[in-house]
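Visitor: model the following, please.
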Amino acid sequence: MNTIGEDVKYYRQITGAMLVAAGVYTRIYSRQCFRENNFDITPEQFVVIEVLMHRDGLYQRQLSEITLKDRPNITRIINILEKNGYVNRVADKNKRKVFKIYLTDKAKNLFPALAQVVKEYRKTMTEGIDKNDLETCMSVLNKVLDNLLDKVDMCV
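Guide: Got it, this is the predicted structure:
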């Protein structure tokens with residue numbers, strides 16, 4: 001029978017397990033940082049705001065594609081952001097039931113403080129990692145993603 005330490009060592013050799021673990025700890029740490037700064041949005045909501053800061057007025061479908069969030073999840077995030085005054089839905093002139101999502105001044109004013117906290121926790125995540133190693137890691141992660149992109153149905 002293996003010890004817990006041996007099991008941990010074994011699972012740290014499995015790519016999928018490490019990707020999941022890194023994702024889980026990233027979400028936990030980012031939420032912790034947002035709470036410590038008394039932000040009333042989540043890191044998941046921040047990602048939508050960040051995308052809109054770079055390209056305001058996207059369709060919900062485009063936001064879903066860029067953020068890798070399925071339709072129900074992106075709808076929920078946008079509903080919360082709209083309810084809290086961070087985004088507005090504006091009906092598309094050409095399509096009656098299609099909306100573009102725009103940031104409000106409230107979101108634009110909060111963004112610099114949010115972005116600073118995100119910059120700090122992203123820096124913490126990569127602390128002590130050589131620039132070349134980080135570039136290699138990103139290259140490998142992009143290859144993993146490319147291997148899965150055509151095999152995953154995001155509409156599920």
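Visitor: what average pLDDT does the helix or strand where V8 lies get?
Guide: Assigned by DSSP states H and E, V8 falls within helix 4-11. For helix 4-11, the mean per-residue pLDDT is 81.
Visitor: go on, stretch 61-80?
Guide: In the prediction, stretch 61-80 has an average pLDDT of 94.
Visitor: again with stretch 143-155
Guide: Across stretch 143-155, pLDDT averages out at 81.
Visitor: name the residues of that stretch that are buried.
Guide: Buried residues in stretch 143-155, counted by 16 or more other Cβ atoms under 10 Å: none are found. From N, CA and C alone the C-beta is placed, and that goes for glycine too.
Visitor: run through who's touching that stretch.
Guide: Contacts with stretch 143-155, where a contact means Cβ atoms under 8 Å, 6 or more residues apart in numbering, come from T15, L19, S64, E65, L68, D70, R71.
Visitor: on that earlier part again, if you count neighbours, what's buried in the helix holding V8?
Guide: Counting neighbours by 16+ other Cβ under 10 Å, helix 4-11 gives no buried residue.
Visitor: pick the one among the contacts of stretch 143-155 closest to K123.
Guide: Nearest to K123, judged by Cβ to Cβ, of those is L19 at 20.8 Å.
Visitor: out of the contacts of stretch 143-155, who's the most crowded?
Guide: Per-residue neighbour counts (other Cβ atoms under 10 Å) across these peak at S64, which has 22 neighbours.
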